[in-house]
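Q: just a sequence and a predicted model for now, questions to come.
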Amino acid sequence: MRLSSTLTAYFGRIFALTTAGTMAALVGVVFTLDLVELLRRSANKESATLGRVLELALLKLPAMMETMLPFAFLIGSMLAFTKLTRTGELVVARAAGVSVWQFLLPALALALIVGILRPTLFNPITAVLSDKYEFVEAEILTGRPKLTAIADGGLWIRERAGERISVLHAGGIEKSSMTFKPVVVYLFAGEDQFDGRIDAASATLGAGKWILNDARVTATNGKITDQTEMIFETDLTLENLQDSLVSPQAIGFWQLPGFIATLEKAGFSANRHRLHFHRLLASPLLLSAMVLMAAVFSLRLFRQGGVMIRTAVCLLFAFIFYFLSDIIYALGLSTQLPEILAAWTPAAVVTLIGFSGLLHLEDG
């Protein structure tokens, strides 16, 4: 029997409502916990008023929604299947000849649509708010505002030592030797008083110091001094320099390929950003996999009984999936797994498990 358009729309509406309700509940819980954590972190910060802390929590909310999306589809789909079975609607449809694959179509279609909209529409908005969150967090909580920026022209680094401020520009970096070249350093006495310029063929980032090679110092009075080697202190290391660059979550899906190319051109690792990009691409498959797993748990639930036990197993699966996904993600970050494999493996494996489970239940 072919599933009618009316029944398709009805099933689709049930899936959409239960998934949206589950998402709202999950985000409400996580938002509350995050707000409590932000209040704890800001307890001794004079600039962290309640309004600023609430602003931080709200700026982080869209990113949390992206994280919760797969679990909302898993739990929401299971609730939808449970409701349809309890009311007998699914039983009647099955008796009329509707196969499990047919009544899954509305839920899978919803998962594919949301999975496509997540990177293409929702993620660019999330990225803007995440970038704002990182800026405000650095301003009122960590006290360490972001001092680095990267563009097609190279890397910019701003450092402060007392009243003295230096702004370093490097065209690129040789990561193996931690050598930046060519380098220009602009010196300031205070926020807006120019105090000189240093041009160097290269600069090496050592332990607590910059070593400028073949440096030419230009003073404000025009006097030029050449030095074979010049040293000044810094708190930077290559690791915290890499970490201080824009995080993948703060860059929209459409801008990620260009930013990855810019990072690699400058000599930095773009591993985190490529991995994040492929995880976004895998969203439709991942959400569809959650629907398949929900169907496996729900069908077994009412064929074999044990509602509470199998619901608990479903939730346990969600936590195990989250844990293993993080492990695979960490392997991808450490380059022990290729980025594509690390990003797509969780979704692909769960999809295969879901298909196998449904084939066993339906045809086995």
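A: Cool, the structure landed.
Q: make it CA atoms for all contacts and neighbour counts henceforth
A: Will do.
Q: now Val296: how far from Glu89?
A: Using Cα to Cα, to the nearest Å, one gets 18 Å for the distance from Val296 to Glu89.
Q: higher neighbour count, those two?
A: Applying other Cα atoms under 10 Å to Val296 and Glu89 shows that Val296 carries more neighbours, namely 23 against 14.
Q: helix, strand, or coil at that one?
A: What DSSP: H, G, I helix; E, B strand; the rest coil gives for Val296 is helix.
Q: contacts only, for it.
A: Val296 sits next to Gly354, Gly357, Leu358, Leu361 when contact means Cα atoms under 8 Å, 6 or more residues apart in numbering.
Q: elements contacting the helix or strand where the last one lies?
A: Assigned by DSSP states H and E, Leu361 falls within helix 339-363. Of the remaining helices and strands, those touching helix 339-363 by 3 or more Cα pairs under 8 Å, 6 or more residues apart in numbering; DSSP states H and E are helix 271-281, helix 283-304, helix 307-333.
Q: just the buried residues out of the contacts of Val296, in PyMOL syntax.
A: Per 16 or more other Cα atoms under 10 Å, the buried members of the contacts of Val296 correspond to this PyMOL selection:
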select buried, resi 354+357+358
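Q: hmm, which two among the contacts of Val296 are most spread apart?
A: Using Cα to Cα, the two most remote members of these are Gly354 and Leu361, lying 10.6 Å apart.
Q: surely Glu159 forms part of a helix?
A: No: assessed with three-state DSSP, Glu159 is strand; it does not lie in a helix.
Q: which residue ranges of the stretch 1-150 of the chain form strands?
A: 148-151 (DSSP state E, counting those that start in this stretch).
Q: for it, which segments count as helices?
A: 5-41, 50-86, 89-95, 100-117, 123-137 (DSSP state H, counting those that start in this stretch).
Q: could you look up the SS state of the closest residue to Pro124 other than its chain neighbours?
A: Leaving aside its chain neighbours, Pro124 sits nearest to Gly252 (4.1 Å; criterion: Cα to Cα, 6 or more residues apart in numbering). On the three-state scheme (three-state DSSP), Gly252 is labelled coil.
Q: Ile165 touches Gln193, doesn't it?
A: No: in this structure Ile165 lies outside contact range of Gln193 using Cα atoms under 8 Å: 9.5 Å.
Q: outline the domain layout of this structure.
A: Domain assignment for the chain by automatic domain parsing gives 5-143+270-363, 148-242.
Q: so how far is the longest one from its chain's centroid?
A: Domain 5-143+270-363 sits 14 Å away from the centroid of its parent chain (Cα atoms, centre = their mean, to the nearest Å).
Q: likewise for the shortest one?
A: The gap between the average C-alpha position of domain 148-242 and the chain average comes to 31 Å, counting by Cα atoms, centre = their mean.
Q: for that domain, measure first residue to last.
A: Distance between the two ends of domain 148-242: 9 Å, counting by Cα to Cα.
Q: can you pull out the low-pLDDT segments for the stretch 101-250 of the chain?
A: The stretch 101-250 of the chain contains residues with pLDDT under 70 at 142-147, 161-163, 175-176, 191, 243.
Q: coming back round to it: could the helices of the stretch 1-150 of the chain go into TSV alongside distance to Asp326?
A: TSV is the format used below for the helices of the stretch 1-150 of the chain (distance: least, Cα to Cα, whole Å):
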stretch	distance to Asp326
helix 5-41	18
helix 50-86	12
helix 89-95	36
helix 100-117	20
helix 123-137	20
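Q: least confident of those helices, on average?
A: Note on the helices of the stretch 1-150 of the chain: helix 89-95 shows the lowest mean pLDDT, a mean of 75.
Q: buried residues, that one. List them.
A: For helix 89-95, a neighbour-count test (16+ other Cα under 10 Å) marks Leu90, Ala93 as buried.
Q: elements contacting that helix?
A: Applying 3+ Cα pairs under 8 Å, 6+ apart, we find helix 89-95 packed against helix 50-86.
Q: repeat the analysis, applying 10 Å as the threshold.
A: helix 5-41, helix 50-86, helix 100-117 (3 or more Cα pairs under 10 Å, 6 or more residues apart in numbering; DSSP states H and E).
Q: for Ser177, which of those is the nearest?
A: Judging these by Cα to Cα, what sits closest to Ser177 is helix 50-86, at 36.2 Å.
Q: contacts only, for the nearest residue to Pro346 once chain neighbours are set aside.
A: Among residues not flanking Pro346 along the chain, Ser325 sits closest, at 6.1 Å (Cα to Cα, 6+ apart). Counting by Cα atoms under 10 Å, 6 or more residues apart in numbering, Ser325 touches Phe319, Leu331, Ala342, Ala343, Trp344, Thr345, Pro346, Ala347.
Q: cool, and Thr228?
A: Applying Cα under 10 Å, 6+ apart, the residues near Thr228 are Ala200, Leu212, Asn213, Asp214, Ala215, Arg216.
Q: just checking, which of those residues belong to strands?
A: Ala200, Leu212, Asn213, Asp214, Ala215, Arg216 (DSSP state E).
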